[in-house]
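Novice: Pasted the sequence and its predicted model underneath.
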Amino acid sequence: MSKTLGSAIAGAKCPQCREGKLFSVNVFSYFKLTDINKTCKVCQANLNPEPDFYYGAMYISYAFSVALVITALTAINVLVTKPELWMYLSTVVVLNIILFPAMLRYSKVLYLFWLGKLKYRKQGN
């Protein structure tokens with residue numbers, strides 16, 4: 001049972017009960033990238049507060065991508081004496097392909113926790 005806010009966000013759990021899954025598949029899966037469960041299977045909370053709610057999560061996803069690019073470019077500059085253009089490009093492309101599902105999904109998780117208006121309710125009380 002994930003009860004802390006951090007573990008609920010990391011596990012992509014429902015903001016209201018912090019137990020139900022937000023996604024029908026694993027967070028790092030390349031399948032059904034944009035599918036979020038309509039309701040929580042544990043507390044029946046509505047996980048789609050309004051039509052097109054998750055479009056705002058694109059801003060968070062963009063911030064993740066920018067942070068990834070800056071981190072990768074900085075790491076290359078520190079680790080390689082004279083980096084070439086292909087090193088920058090291939091590193092950024094490969095990292096974006098690998099981390100795309102996590103960045104896309106965690107942007108939605110953070111957006112729901114931040115603006116979803118679902119408050120945590122302890123179960124069993």
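Specialist: In hand now; what should we look at? Quick caveat: nothing in here was measured; it's all calculated off a predicted structure.

Novice: For the residue nearest in space to the middle of the chain, give me phi and psi.
Specialist: For the chain, the residue nearest the mean C-alpha position is residue 106 (0.6 Å; Cα atoms, centre = their mean). Dihedral angles of residue 106 (phi, psi; degrees, to the nearest 10) stand at phi -70, psi -20.

Novice: give me every residue that touches it.
Specialist: By Cβ atoms under 8 Å, 6 or more residues apart in numbering, the contact list for residue 106 reads 9, 12, 27, 60, 64. C-beta: built from backbone N, CA, C; applies to glycine.

Novice: Check which helix or strand the first one maps to.
Specialist: Looking back up the chat, that one is residue 9. Using DSSP states H and E, residue 9 sits in helix 5-10.

Novice: Tell me the first helix or strand C-terminal of that helix.
Specialist: Counting by DSSP H and E, the next helix or strand C-terminal to helix 5-10 is helix 57-79.

Novice: Averaged pLDDT, that following helix. What do you get?
Specialist: Averaging pLDDT along helix 57-79 gives 93.

Novice: what do you get for stretch 84-102?
Specialist: Stretch 84-102 shows a mean pLDDT of 91.

Novice: what sits up against it?
Specialist: 27-30, 33, 64-65, 68-69, 72-73, 76, 80.

Novice: cutoff 6 Å now
Specialist: Residues from elsewhere that reach stretch 84-102 (Cβ atoms under 6 Å, 6 or more residues apart in numbering): 28, 30, 33, 68, 69, 72, 76.

Novice: which pair in those spans the largest distance?
Specialist: 33 and 76 (27.7 Å; Cβ to Cβ).

Novice: element containing the residue nearest to residue 30 when sequence neighbours are not counted?
Specialist: Excluding its sequence neighbours, the residue lying closest to residue 30 (Cβ to Cβ, 6 or more residues apart in numbering) is residue 101, at 5.6 Å. Assessed by DSSP H and E, residue 101 sits inside helix 85-115.
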